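Enquirer: Starting from these lines, generate the structure:
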Amino acid sequence: MSTATATATTARDVFLVSNTTDELGGVTAWMHQMARLFKRHGHRVHAIGVHRADLKLSLPDDLGYPVTSLYAEHPPTVRPMTGLRRLHPVARRRESARLAAKRRAVDQLSEIFRTARPGGVIVVTQVWPMEWLRAADTAGLTVIGMSHESYAYTKACHRYRWVRHNYPHVDRWLTLTQEDADQWIADGMHNVGFMPNALAHLPTVPSPRSEKVVASIGRLHDQKGIDMLLDTWAQVAPHRPDWTLRVYGAGVEEDERKRQCTLLGLNRSVRWMGRTDDVPGALAGASVFVQSSRGEGFPLALMEAMASAVPCAAFDCAPGVREIVQHGEDGLLAPPGDTGALADRLLRLTGNPRMRDAMGERARQNVQRFSEEEILRRWEDLFALLER
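Expert: Residues are numbered from 1 along each chain as shown. Just a heads-up that it's a prediction; the model follows:
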């Protein structure tokens, strides 16, 4: 579909609301990708975060659309005022200050929303900001809630309660796959749809797959399973002494994972590359991509690797992963958490150049079904449907 076909027929005000607007991570990257896409196609965009982040995503100084953070830092966590705590003067002052700051944040949010023209849309990209959104004035606006996690991952943590409490009140709430949507519908939610993430970039020149390098790209966080990746690589490295694992990313687990790497005797074959602002460059220097996450939504890094014609081995930890990777066709999947199986997939890809090349080329072709033009068309259809 051409860009002209995808151009918005109705120019709208689109407010994208997330935990932060500047945190290093896939959801923030997605939010700014969509902000650029909506703006390019005629919408007026405003990106809003609850607070500013500590570990920041690299962003241009001038994004071309307004960006607002409601708090300078993470707001205090709610602590129930029960028992003796309710009578303690320090606790009461802190709670009073928290509530006053929240009222200011909600008022600021309401003022932003009041600038909207008819047909305005709020897209809440994560569950937590709904605490402020539900208290704000959203009159006349369509509210779309999203989850960037699989049903199973959300069900296993506290966000499940937040979804059940907040998302029945929105006009539509979106998962990332039909499978996730079906699971929420079976769980009693009735305003559910789905919307895949968009492929941000198709490199003009794919990876030559000439380097004996396996790449991992993601935050060094428990969710991303870098501990399991190292356990996996410990099973691969003895059989592939001329291959290197490059780990791109930063995060709270960095020191712990480096210690694990040393204990496993992997320092000679693992390279800690730090965070990168050049993902295409990192992928151009790799022949295989690996993803070892415990939970995912619709992982952008996986799509970017495939767009670079780099075949992927990944844990089948979410519907979004198996929606992107077609096992045996354009990549290889392993049962979640099974490091032996993931090691087997890596051994197959690193040991068979013909398989690597065939899967890499098919991956580059197949992932283009998630092009920005196609995903934008789906968003425009949804906006028009909810406006009726």
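Enquirer: what residue ranges in the stretch 51-200 of the chain score low on pLDDT?
Expert: For the stretch 51-200 of the chain, applying pLDDT under 70 flags the ranges 81-87.
Enquirer: again, only this time at 90
Expert: Across the stretch 51-200 of the chain, residues meeting the criterion (pLDDT under 90) sit at 54-61, 77-95, 190, 200.
Enquirer: At which residues are the strands of it located?
Expert: 67-71, 121-124, 142-146, 172-175, 192-194 (DSSP state E, counting those that start in this stretch).
Enquirer: contact partners of the third one?
Expert: When you say that, I think you mean strand 142-146. Contact with strand 142-146 is made by 119-127, 130, 133, 166-167, 169-175, 195, 382-383, 386-387, as judged by C-beta atoms under 8 Å, 6 or more residues apart in numbering. (Glycine included, C-beta is placed from N, CA and C.)
Enquirer: sorry, back to before: quick check: which of the strands of the stretch 51-200 of the chain is nearest to D344?
Expert: Relative to D344, the nearest member of the strands of the stretch 51-200 of the chain by C-beta to C-beta is strand 172-175, separated by 30.5 Å.
Enquirer: Next, W272: phi, psi?
Expert: For W272, the backbone dihedrals (degrees, to the nearest 10) come out as phi -90, psi 110.
Enquirer: Can you verify my assumption that it contacts V247?
Expert: Yes - taking contacts as C-beta atoms under 8 Å, W272 lies within contact range of V247: 5.5 Å.
Enquirer: More neighbours: which of these two?
Expert: Neighbours per residue, other C-beta atoms under 10 Å: of W272 and V247, the larger number sits with V247, 25 against 16.
Enquirer: Three-state assignment for that one, please.
Expert: Assigned with DSSP: H, G, I helix; E, B strand; the rest coil, V247 falls in the strand class.
Enquirer: How about it, nearest residue that isn't a chain neighbour?
Expert: Using C-beta to C-beta, 6 or more residues apart in numbering and skipping residues adjacent in sequence, the residue nearest V247 is S216, 5.1 Å away.
Enquirer: a strand runs through that neighbour, doesn't it?
Expert: Yes - the assignment for S216 by three-state DSSP puts it in a strand.
Enquirer: that older thread, and the strands of the stretch 51-200 of the chain as TSV, adding distance to A186?
Expert: Converted to TSV, the strands of the stretch 51-200 of the chain look like this (distance: least, C-beta to C-beta, whole Å):
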stretch	distance to A186
strand 67-71	35
strand 121-124	23
strand 142-146	18
strand 172-175	12
strand 192-194	10
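Enquirer: Minimum distance to D330: which of those strands has it?
Expert: strand 192-194 (21.3 Å).
Enquirer: contacts for the closest one?
Expert: R172, W173, L174, T175, L176, T177, Q178, D180, A181, W184, I185, L382.
Enquirer: okay, how far is it across stretch 314-324, tip to tip?
Expert: One end of stretch 314-324 sits 11 Å from the other (C-alpha to C-alpha, to the nearest Å).
Enquirer: ok, residues contacting it?
Expert: Applying C-beta under 8 Å, 6+ apart, the contact partners of stretch 314-324 are 149-153, 176-180, 196-197, 225, 228, 290-299, 302-303, 306, 325, 327, 331-338, 342, 367, 370.
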